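Any chance you can model this:
(one chain, ligands or ions: 2)
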Amino acid sequence: MSNTPDTDEPEMTANAADAVLRTEGITKRFGGLTAVDDVDVEVHEGEIVGLIGPNGAGKSTLFNCITGTLTADEGRVTLQGQDVTDWPEYKIARAGLGRMFQETRIFGGMSVRKNLLLAAQEGGADIGGLLRRPDDSLLERTNELLEYVDLGGLADTRAGRLSFGQQKLIEFVMALMAEPELLLMDEPAGGINPSMLENLIDYIRTANDEEEATIFLIEHNMDFVMEIADRIYVLAHGERIAAGTPEEIQNDQRVIDAYLGRE
Ligand code: ADP
Ligand code: MG
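Ligands and ions are numbered 1, 2, ... in the order given. Alright, predicted model coming up:
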């Protein structure tokens, strides 16, 4: 397939065979609105790739088509070479796709640890049994992940008592419980205290390096995305208008006109 449907976009450097994720011609319509319009993206093993664009550009909808939350009207989604286009969401998750949502999905009345344990379970698991008698490897994993976001002391705290930023971090480690090959994050820095942003960048980098999770993230905070992403895709009105390194994106006139110029 061609990586360069538009004229002056840079060639992607990595071999297409390394693609953990590939979308080809993804199109999603809501009534008369084309929310995602013929979008190709590729995310290669080990990369951190950003997805940016104005509000309503179709970013979350593209993610939903990748995760199987929505079914695309046209196009194809491939995960590690496997066509998952028509797969149900749970099966795509089991194939190695993790996700962190824009809004938090934590059970506030349960302990942090139980939230993490629930995140690790697969469809059809005995949830009651899992929470009463979690196996040692799962418990170890919860401890390890909580340590790694510096929240080791909060395992037995009710999740609802945590600050918003702490809850976002819990969401992040919940998404890592299942050891995803690819982690999709929808605005991880959204609403986070600016003093925590550098920590969040470190945690995401650690997930990328040590957990070997390839990362594809939507983010509104430009400083954040420019610092963390190896490459960036830009959507506007559902269409992919640019792709490149952070530097290329910051200097792309189409991107400046459609997005950056009005921030
Ligand atoms: P972004 O995440 O880039 O802000 P979205 O993907 O959420 O954008 O939305 C893209 C467009 O699709 C917007 O115009 C939005 O109003 C519309 N949209 C998103 N989800 C739905 C839906 N379930 N039904 C109808 N319209 C939707
Ligand atoms: Mg969105």
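
Only C-alpha atoms from now on, for both contacts and neighbour counts.
Will do.

Ligand 1 contacts on the stretch 51-200 of the chain?
N55, G56, A57, G58, K59, S60, T61 (Cα under 6 Å from any ligand atom).

Could I have the buried ones of these as PyMOL selection syntax?
Selection command for PyMOL covering only the buried members of those, criterion 16 or more other Cα atoms under 10 Å:
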select buried, resi 57+58+59+60+61
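
Just name the closest of the residues of the stretch 51-200 of the chain next to ligand 1 to G109, please.
G109 lies nearest to S60 out of these, by Cα to Cα, at 27.8 Å.

Helix or strand: which one has the closest one?
Using DSSP states H and E, S60 falls within helix 59-67.

Helix or strand: which one has the residue sitting nearest the centre point of the chain?
Centroid-nearest residue in the chain: L184, 1.5 Å away (criterion: Cα atoms, centre = their mean). In the assignment (DSSP H and E), L184 maps to strand 182-186.

So in that sheet, which strands flank that strand, and in what orientation?
strand 97-100 (parallel), strand 214-218 (parallel) (DSSP bridges).

got a list of contacts for the longest one?
Counting by Cα atoms under 8 Å, 6 or more residues apart in numbering, strand 214-218 makes contact with 20, 43-52, 59-60, 181-188, 208, all of which sit outside it.

residue contacts, the residue nearest to T67 when sequence neighbours are not counted?
Excluding its sequence neighbours, the residue lying closest to T67 (Cα to Cα, 6 or more residues apart in numbering) is E89, at 5.9 Å. Taking Cα under 8 Å, 6+ apart, we find E89 in contact with T67, G68, T69.

follow-up on the earlier one: helices and strands around the helix holding S60, which ones?
strand 19-30, strand 33-44, helix 89-94 (3 or more Cα pairs under 8 Å, 6 or more residues apart in numbering; DSSP states H and E).

So which residues make contact with the following helix or strand past that helix?
Downstream of helix 59-67, the first helix or strand assigned by DSSP H and E is strand 74-79. Outside strand 74-79, the residues that touch it by Cα under 8 Å, 6+ apart are 19-28, 38, 66, 83-85.

is it possible to export the helices and strands packed on helix 59-67 to a markdown table including distance to T78 and mean pLDDT?
Listed next are the helices and strands packed on helix 59-67 as a markdown table, based on distance: least, Cα to Cα, whole Å; pLDDT from 0 to 100:
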| stretch | distance to T78 | mean pLDDT |
| --- | --- | --- |
| strand 19-30 | 5 | 98 |
| strand 33-44 | 9 | 98 |
| helix 89-94 | 10 | 92 |
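
Low-confidence ranges, this protein, go.
Applying pLDDT under 70 to the chain flags residues 1-17, 122-125, 262-263.

let's go with 80 and repeat that
1-18, 101-104, 121-134, 261-263 (pLDDT under 80).

care to break it down by domain?
1-96+181-189+213-263, 103-179 (automatic domain parsing).

and the first one, how far out from the chain's middle?
Going by Cα atoms, centre = their mean, to the nearest Å, the spacing between the C-alpha centre of domain 1-96+181-189+213-263 and its chain's C-alpha centre is 10 Å.

In the stretch 151-263 of the chain, which residue sits nearest ligand 1?
G238 (7.0 Å; Cα to the nearest ligand atom).

That residue touches G58, doesn't it?
Yes - using Cα atoms under 8 Å, G238 is in contact with G58, at 5.0 Å.

joint contacts of these two?
A35, V36.

and the residue nearest to N193 when sequence neighbours are not counted, what does it touch?
The shortest distance from N193 to any non-neighbouring residue, by Cα to Cα, 6+ apart, is to G165 (6.8 Å). Listed by Cα under 8 Å, 6+ apart, the contact partners of G165 are G191, I192, N193, M196.
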